[in-house]
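Asks: Let's see this in three dimensions:
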Amino acid sequence: MNWRYCSIVTLLAGFTVPVFASGPVSPHDARQEVEMPTLQRSLMREDMVHHLAALNEVLVLLNAGKLKESADVAEADMGLSSMGKHAARTQGKGPGRFMPDGMRAIGIGMHTSASEFAGIARKGDRAAAYNALESVTGACVACHAGYRLK
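Replies: Numbers count the residues shown, from 1 in each chain. Model (predicted):
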């Protein structure tokens with residue numbers, strides 16, 4: 001092994017160790033932190049994954065030209081009819097009860113947009129249905145950009 005190579009490696013290692021020893025610095029997260037009880041937080045996270053899976057299924061069905069089926073998935077899994085499913089388990093205090101007003105408004109907007117998408121998709125116009133999804137995904141982006149669970 002070359003002596004110069006060993007010296008350079010040793011020199012570089014000496015300069016990098018202090019950087020790694022201090023640990024990585026996390027970027028500032030300006031989103032509003034939202035606190036809620038453990039059960040409601042878990043249910044909300046479960047819902048977010050479920051909504052994302054439903055959105056994926058809606059897109060797959062739209063791509064296949066199955067507009068009625070995509071409407072059914074959107075309404076059942078993301079639309080207004082999907083709200084309140086945790087009422088019995090949480091004694092009427094689901095995740096929405098712990099959201100700040102702005103976050104709750106965005107969430108209701110997402111559910112409303114999903115129901116509106118379903119109505120448009122049932123009419124059979126694929127291009128209009130795709131356009132209607134923009135407000136659904138826009139609500140998701142707005143909420144995740146502005147809020148985070150603590």
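
Asks: which residue sits closest to Glu75 in space, ignoring its chain neighbours?
Replies: Take Glu75 and drop its neighbours on the chain: the residue closest to it by CB to CB, 6 or more residues apart in numbering is Ala118, 4.1 Å away. All C-beta atoms are positioned from the backbone trio N, CA, C, and that covers glycine.

Asks: Am I right that the one you found sits in a helix?
Replies: Yes - counting by DSSP: H, G, I helix; E, B strand; the rest coil, Ala118 is found in a helix.

Asks: wait, what's in contact with it?
Replies: Listed by CB atoms under 8 Å, 6 or more residues apart in numbering, the contact set of Ala118 reads Ala71, Asp72, Ala74, Glu75, Gly79.

Asks: So for the longest helix anywhere in the chain, mean pLDDT?
Replies: Longest helix in the chain, counting residues (DSSP state H): helix 38-63. Per-region confidence: helix 38-63 scores 97 on mean pLDDT.

Asks: chain center to it: distance?
Replies: Put simply, helix 38-63 sits 8 Å off its chain's centre (CA atoms, centre = their mean, to the nearest Å).

Asks: Flag every buried residue along that helix.
Replies: By neighbour count on 16 or more other CB atoms under 10 Å, the buried set for helix 38-63 is Gln40, Arg41, Leu43, Met44, Asp47, His51, Ala54, Leu55, Val58, Leu61, Leu62.

Asks: What sits closest to the fifth one if chain neighbours are left out?
Replies: When the adjacent residues along the chain are set aside, Asp47 lies closest to Pro95, with 7.1 Å between them (CB to CB, 6+ apart).

Asks: between the buried residues of helix 38-63, which is nearest Ala139?
Replies: His51 (10.1 Å; CB to CB).

Asks: Am I right that that closest one is in contact with Met78?
Replies: Yes - here His51 lies in contact with Met78, judged by CB atoms under 8 Å, at a distance of 5.3 Å.
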